[in-house]
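Participant: model the structure of this input:
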Amino acid sequence: MCELMYLHPMRYLVKARVKGGQEKPRLQAIADGSLGRGSIAGDEYAHDMEQTRVGNDGVTHWVETCFCATPLSEERPY
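Facilitator: Below is the predicted model of the structure:
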């Protein structure tokens, strides 16, 4: 878990390809609010995923805001 740093949050443009067969479960998790459940940034993840855009190449893009003192510290293990 990261220490929150509210003064200078970092914003990242994130790109990812949804794994085959996972588009429907991803959309369901966004719709039912289960995406990000249990994470310190659960509400932020839900907001980010609601704002995603899929390019012609099938790559999903979104902007993620990180409030950690160390950028992306919660995501680094993954």
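Participant: partner strands of whichever helix or strand residue 65 is part of, with direction?
Facilitator: When elements are assigned from DSSP states H and E, residue 65 belongs to strand 59-66. Here strand 59-66 is paired, per DSSP bridges, with strand 10-17 (antiparallel), strand 53-54 (antiparallel).
Participant: for residue 68, find the nearest of those.
Facilitator: Residue 68 sits nearest to strand 10-17 of all these, at 8.1 Å, using Cβ to Cβ. To be clear about C-beta, it is placed using only N, CA and C from the backbone, and glycine gets the same treatment.
Participant: find the residue closest to the residue positioned nearest the centre of the chain in space, skipping its chain neighbours.
Facilitator: Residue closest to the average C-alpha location in the chain (Cα atoms, centre = their mean): residue 45, at 4.3 Å. Nearest non-adjacent residue to residue 45, counting by Cβ to Cβ, 6 or more residues apart in numbering: residue 36, 3.3 Å away.
Participant: need the helices for the protein, in chain order.
Facilitator: 23-32, 42-50 (DSSP state H).
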